[in-house]
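[1] Need a 3D model of the following:
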Amino acid sequence: MSTAEPITTRREVATRSSTSRLMIVGGVMLAVLALLAIAAPLIAPQDPEAVEVHRVLGAPDLQHLFGSDVLGRDVLSRIIYALRVSLVVSISAVAASLIVAVPLGLVAGYFGKWVDTTISRTVDMILVLPAMLLAITFIAILGPGSVVATLAIAVIYLPILARVMRTSTLVVTRNDYVAGSRARGASHLRVIIQHVAPNALGPVIVQASVLCAFALQLEAGLSFLGLGVQPPTPSLGGMLSDGRDVLNQAPWVEIFPGLTIVVAVLAFSFFGEGLRRAFDPRGVAG
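    Numbers count the residues shown, from 1 in each chain. Have a look, this model is predicted:
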């Protein structure tokens, strides 16, 4: 025991240190990206929609750090504004999905039996179609645009978040303090609000932070196909679509938007992984 305890302690310290670093790195990256998006009108060096004929496919220089695109528009300015759209769509989609998924998962996991079966089977129907195909079908019915893309992504991730919330609720409801609260005559609503929901939300929050990264990629994919954010509003996926035809001639038109997507996805992933380790340190250490 004397040798095992120091090893366990060292593992716990290493896990906490790794968790802290991931959350800090991811949090700082997200904070920087959010500040860039919020302060886009102040930070962007050029008008993102301003066309400069003499700068068509212009190489990066001091005035245009990321070069110009096929219409002579400043790539850096367009990336900053596109980042705002991508963050708003991805975060709003996951938040909207949470608003519906959390109550559904709570009710299904808490009451069980036919309530659980009805909610679970209904929600699982959404998982029949692949994510991109479901989004395309949704947009084909309602039309393209950032709002419709947000709703489509929210619907796609609804069953995932609902299932995580249901599973977490099932675990929490087995605890003695929930049974004790019921024995004292507390109503179902009171038990859910005071005991079950606060203790079951952790895994759902972790899952939501991870899904933000996938939502951002999905939004970029929809915009790349012309089904997401519509021109002239800049979008990272739209910029990738515009740059694919001139990749050999002007690679900066394609590279910089792609790198921005990578950085944003990594930021969400690092932060989500840090949260997961914080909520489940034993699973990581083991």
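[2] Would you check that Arg244 makes contact with Glu254?
    Yes. Applying C-beta atoms under 8 Å as the test, Arg244 and Glu254 come out as touching, 6.4 Å apart. Heads up, the C-betas are built off the backbone N, CA and C, glycines and all.
[3] These two: who's more crowded?
    Each of Arg244 and Glu254 has its neighbours counted (other C-beta atoms under 10 Å); Glu254 has more, 21 against 11.
[4] show me what contacts the more buried one?
    Under the criterion of C-beta atoms under 8 Å, 6 or more residues apart in numbering, the neighbours of Glu254 are Met239, Leu240, Gly243, Arg244, Val246, Leu247.
[5] Just the strands from the stretch 151-286 of the chain, written as ranges.
    For the stretch 151-286 of the chain, strands defined by DSSP state E, counting those that start in this stretch do not occur.
[6] hmm, back to that, please produce a PyMOL select command covering the buried subset of the contacts of Glu254.
    Buried members of the contacts of Glu254, defined by 16 or more other C-beta atoms under 10 Å, are picked up in PyMOL with:
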select buried, resi 239+240+243+246
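[7] of the contacts of Glu254, the lowest pLDDT goes to which?
    pLDDT across the contacts of Glu254 is at its lowest for Leu247, which sits at 83.
[8] quick one: it from Gly258, how far?
    Distance, Leu247 to Gly258, by C-beta to C-beta, to the nearest Å: 10 Å.
[9] Quick check: closest non-adjacent residue to Arg84.
    Leaving out its chain neighbours, the residue that sits closest to Arg84 by C-beta to C-beta, 6 or more residues apart in numbering is Ala37, at 3.7 Å.
[10] The residue nearest to Val25 when sequence neighbours are not counted: what's it in contact with?
    Nearest non-adjacent residue to Val25, counting by C-beta to C-beta, 6+ apart: Phe270, 5.2 Å away. Listed by C-beta under 8 Å, 6+ apart, the contact set of Phe270 reads Leu22, Met23, Val25, Gly26, Met29.
[11] wait, isn't the last one in contact with Ala267?
    Just to be clear, that refers to Met29. Yes. Using C-beta under 8 Å, Met29 is in contact with Ala267, at 3.5 Å.
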